[in-house]
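Peer 1: Fold the following, please.
(2 chains)
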Amino acid sequence: MGKLPRMSAVPLTISGVGKDFTASGRRHAVLADVDLDVAAGEVVALLGPSGCGKSTLLRLAGGLDTPSAGTVLVDGSPVRGFEPRCAVVFQEPRLLPWRTIERNVAYGLPRGTTGERARTEVAHWLSVVGLADFARHRPRQVSGGMAQRAALARALARRPGVLLLDEPFAALDALTRLRMQDLLAEVQREAGTTVLLVTHDVDEALHLADRVVLLGASAPGKPASVRLIQPVPGDRPRDRGDAELAALRVTLLAELGVQTPVSPVKKESLI
Amino acid sequence: MTLLHPKTDAAGQRSPRAGRSALSSLPALSGRSLLGLLLPLLLLAGWQLAASAGIYSTAQLPPPSEVLSALTELIRRGELWHHLAISTQRVLIGFTAGSVLGLALGGLVGLSRTASAALSPTIQAIRAVPSLAWVPLLLLWLGIGETPKIVLVAIGAFFPVYTTVSAALAHIDPHLIEVGRAYGRSGLPLLSTILFPAATPAILSGLRLGLAQGWLFLVAAELIASSMGLGFLLIDSQNTGRTDIMLLAIILLALLGKLSDTILGQAENRLLAHRR
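Peer 2: Numbering: from 1, shown residues only, chains lettered A, B, ... in the order given. A predicted model of the protein is given here:
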């Protein structure tokens, strides 16, 4: 991979954030009292059971929704609607089907990037995600993994202070997912951008994140909050078979309620 | 009528171009596209058979040869081009006006919930009025010149365009709209980069439907108050007992309608080719 321009990574500060939704006339709290600091250049994975509000929190960070309580600060100033300092990669690629892959990536360029400069940037990000040979293809002509790589390139082209990833690899097959994780780790290391990654995959969180944040409700029906912040040891790229990570995996899975409390011996056999 | 001459020229230039493009694609014609010619040929043969079997009198069902001679007669007298040109002109002007209005109002209603709530009940009620119901009023208000006919065609073209455009814009994948907003587009840039491209296929098929309905309303207009055009040719042939001309007018309407739809269809194919 060639030299990447460093992103101007910025910190993300979430304090006292709550989010209510109104469904059929009843208010329903999804998140309450969420506090989270993400340092500039840090990778934080948001982990939690489905429906716990992980994606909601990410949307609040990107200004796609507004919090009912608390504040979200990007680089010390409040997030605006559709925050220009953030870029989002959704679970689905959401490419524009009428544009080529390269024109989809160009869609992410900051305002006013035109002409030769735009072409160079797009070509650069396409080669970063390994799609240089598919620049002129339409989204429908490429695989799901390639489409998601194009979506990642589109987000990177925006040169975001904070990169927001909403279960970006969840819809991909297992092998493609592993390759995408490695690609993301590499891109992040080179570009140095701040990343908030929503995932329900414990291994993905442990492979990519500096810290894993576990979201969850204290009791069923209650709004979710931060239950646990787990720093992940070791520098990336990480060994997927690392024993220390394996132990952490058991702890996190247990926190997620994947297994009922069992004896340590049985616990080991479940790995 | 003063409108006729420049437009005749335009129509005269248009048709050879359409003919050339049809010819140039001839070698590419596959067996399957030739299949579409089979039914018209069968109909022609059946018509000839029914006419020569004497089931109907020649006055009721003249054979194809008589319709052909009616065609040459009208061409020789120089009347045919005038009828064709004036009808085509009415459809083109009316369709353009109606579809531009349909695009504008359909866009407004499709994009703004407030506009939809305020306008769409009324527009739907007006849409429910049958085409012929407009004719007496249009004649009373606009006289018997070109205007009422063009207005009626415009009314006919307006509704399919309005309906498809407003529905298409109102039902664009919210995920794509969110992408547009998340990548800093709102207002006009959002419209031009997301909403309009996403709605293009529906808009194009709406235009084709509008054009077809324009021809429909044209005949309604010409049947009632005109001294020229294919609709006039129909009613005039009925009054003079010329069934051959009546059949000719019907065939010409079918051919013109198909030709204009084919031209729009090719434009549609070209615009959407890269999406397939």
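
Peer 1: Tell me how far the spatially closest residue to residue A:137 that is not a sequence neighbour lies from residue A:148.
Peer 2: Spatial nearest neighbour of residue A:137, chain neighbours left out: residue A:101 (5.2 Å); criterion: Cβ to Cβ, 6 or more residues apart in numbering or on different chains. From N, CA and C alone the C-beta is placed, and that goes for glycine too. Separation of residue A:101 from residue A:148 (Cβ to Cβ, to the nearest Å): 12 Å.

Peer 1: same check, this time on residue A:27
Peer 2: On the measure of Cβ to Cβ, residue A:27 and residue A:148 end up 35 Å apart.

Peer 1: In terms of neighbours, single out the busier of the two.
Peer 2: Neighbour comparison, residue A:27 and residue A:148: the larger count goes to residue A:148, with 27 against 9 (by other Cβ atoms under 10 Å in any protein chain shown).

Peer 1: can you tell me which residues contact the nearest residue to residue A:132 once chain neighbours are set aside?
Peer 2: Nearest residue to residue A:132, sequence neighbours excluded (Cβ to Cβ, 6+ apart): residue A:126, at 5.0 Å. Shown in contact with residue A:126 (Cβ atoms under 8 Å, 6 or more residues apart in numbering or on different chains): A:101-102, A:105, A:132, A:134-135, A:150, A:153.

Peer 1: Nearest to chain B among those?
Peer 2: Chain B lies nearest to residue A:105 out of the contacts of residue A:126, by Cβ to the nearest Cβ, at 11.1 Å.

Peer 1: which element is the closest one on?
Peer 2: Residue A:105 belongs to helix A:101-106 when assigned by DSSP states H and E.

Peer 1: That helix packs against which elements?
Peer 2: helix A:115-128, helix A:144-157 (3 or more Cβ pairs under 8 Å, 6 or more residues apart in numbering or on different chains; DSSP states H and E).

Peer 1: List the contacts of it.
Peer 2: Counting by Cβ under 8 Å, 6+ apart, A:95-96, A:118, A:122-123, A:125-126, A:131, A:134-139, A:142, A:146, A:150-151, A:153-154, A:157 sit against helix A:101-106.

Peer 1: how many neighbours does residue B:47 have?
Peer 2: With other Cβ under 10 Å as criterion, residue B:47 counts 16.

Peer 1: those helices in the chain, which residues are they?
Peer 2: You didn't pick a chain, so chain A it is. For chain A, the helices defined by DSSP state H occupy A:54-61, A:101-106, A:115-128, A:144-157, A:174-191, A:202-208, A:243-255, A:264-269.

Peer 1: my bad, the chain I had in mind was chain B
Peer 2: Going by DSSP H, chain B shows helices at B:4-24, B:31-53, B:64-76, B:79-111, B:113-127, B:131-142, B:146-170, B:174-182, B:187-190, B:196-224, B:230-240, B:243-272.

Peer 1: Could you export those as a markdown table, including mean pLDDT and distance to residue A:49?
Peer 2: Putting the helices of chain B into a markdown table (pLDDT from 0 to 100; distance: least, Cβ to Cβ, whole Å) gives the following:
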| stretch | mean pLDDT | distance to residue A:49 |
| --- | --- | --- |
| helix B:4-24 | 41 | 60 |
| helix B:31-53 | 88 | 54 |
| helix B:64-76 | 92 | 76 |
| helix B:79-111 | 94 | 38 |
| helix B:113-127 | 92 | 35 |
| helix B:131-142 | 86 | 60 |
| helix B:146-170 | 94 | 35 |
| helix B:174-182 | 94 | 24 |
| helix B:187-190 | 92 | 35 |
| helix B:196-224 | 92 | 34 |
| helix B:230-240 | 92 | 69 |
| helix B:243-272 | 92 | 43 |
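
Peer 1: Pull the contacting residues for residue 156.
Peer 2: Here I'm looking at chain A. Residue A:156 touches A:87, A:108, A:125, A:128-129, A:163, A:187, A:191, A:193, counting by Cβ under 8 Å, 6+ apart.

Peer 1: I was after chain B.
Peer 2: Per Cβ under 8 Å, 6+ apart, neighbours of residue B:156: B:94, B:98, B:131, B:210, B:213-214, B:216-218, B:220.
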